[in-house]
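> Just a sequence and a predicted model for now, questions to come.
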Amino acid sequence: MRCFIAIDIDQPLRREIARLQDDLRRQVDVKSSEAKWVEPDNIHLTLKFLGEVRDREITDVCRLLEQTAADHPPFSLDVQGVGTFGRPARVLWIGIAPHDALAALQQDLDQRLADAGWPKDEKKFSAHLTLCRIKSPRAAKAIQNAASNRAVQQLGSVSVDSVCVYKSDLTSTGPLYTLISRSMLE
């Protein structure tokens, strides 16, 4: 099964994100074939994408996540700024302000997974919430222009008290995420 480890966001922040997405959609006026907007209920902060995990390995992943979470206290994150990744832009995102506790949690998790045989992330961790995946150069230009006007926008904060393992099923209507386990930060 295809899996990832993430931090969930709360409903008030999801509502703010949905409003932002609606505003941006109206501003850029791109076709659905040019940009795929992430459903607000699917937005999360990915800490580690695992890819394919065999059924017999998922118990080990969940146990490792529980041990990692137990070594980290709860914290809050500020959600701010809108930007894009790629040239031309391929992803529209909302930023997460740098936070030592988040960095420590992600690095600890990545190291423990590496020690258990999962490959370490090659790219530097960039905390963000994906709003949209961009599929055409025309949409990339329009979305990038709209994002530049919101580069410092504040969207709120989110309390982080747990981390989750999700199964991801890709369907013709978009991904379907199923919670496998939730581990509390202590």
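Yes, it's here. Just so it is clear, the structure is predicted and the values come from calculations on it, not from any experiment.
> Next one, pLDDT for the residue nearest the centre of the chain please.
Nearest to the geometric centre of the chain sits residue 45, at 3.0 Å (CA atoms, centre = their mean). If you check residue 45, the pLDDT there is 98.
> What ranges does this protein have for its helices?
11-28, 55-70, 100-115, 137-148 (DSSP state H).
> between these, which gets nearest to residue 90?
helix 137-148 (7.2 Å; CB to CB). Every C-beta, even on glycine, is put in place using the N, C-alpha and C of the backbone.
> Contacts for the closest one next, please.
By CB atoms under 8 Å, 6 or more residues apart in numbering, the residues outside helix 137-148 that reach it are 24, 27-31, 34-35, 82-84, 86, 88-90, 92, 132, 134.
> So how do I select the buried members of those residues in PyMOL?
Applying 16 or more other CB atoms under 10 Å to those leaves a buried subset, and the PyMOL line that selects it is:
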select buried, resi 24+28+30+34+35+82+83+84+89+92+132+134
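> what's around the closest residue to residue 35 other than its chain neighbours, how many residues?
Nearest residue to residue 35, sequence neighbours excluded (CB to CB, 6 or more residues apart in numbering): residue 139, at 4.6 Å. Look at residue 139: counted by other CB atoms under 10 Å, it has 23 neighbours.
> Residue 37 versus residue 139, what's the distance?
Counting by CB to CB, to the nearest Å, the gap from residue 139 to residue 37 is 11 Å.
> Identify the residues contacting the nearest residue to residue 184 once chain neighbours are set aside.
Excluding the flanking residues, the one nearest residue 184 by CB to CB, 6+ apart is residue 162, at 5.0 Å. Shown in contact with residue 162 (CB under 8 Å, 6+ apart): 7, 8, 69, 182, 183, 184, 185.
> What's opposite the closest residue in space to residue 62 that isn't next to it in sequence in the beta bridge?
Leaving aside its chain neighbours, residue 62 sits nearest to residue 181 (4.2 Å; criterion: CB to CB, 6+ apart). Taking DSSP bridges as the rule, residue 181 bridges to residue 165.
> Burial check on residue 181, number of neighbours?
17.
> show me what contacts it?
Here residue 181 is in contact with 62, 65, 66, 164, 165 (CB under 8 Å, 6+ apart).
> Kindly check the end-to-end length of stretch 165-178 for me.
With CA to CA, to the nearest Å as the measure, stretch 165-178 spans 9 Å from end to end.
> That one: which residues count as buried?
165, 166, 168, 177.
> quick one: average confidence on it?
Mean predicted confidence for stretch 165-178 is 92.
> repeat for stretch 120-130
92.
> Can you give the contact residues for that stretch?
9, 17, 38, 43-45, 47-48, 77, 79, 85, 91-96, 98-99, 102-103, 106-107, 110-111, 113-114.
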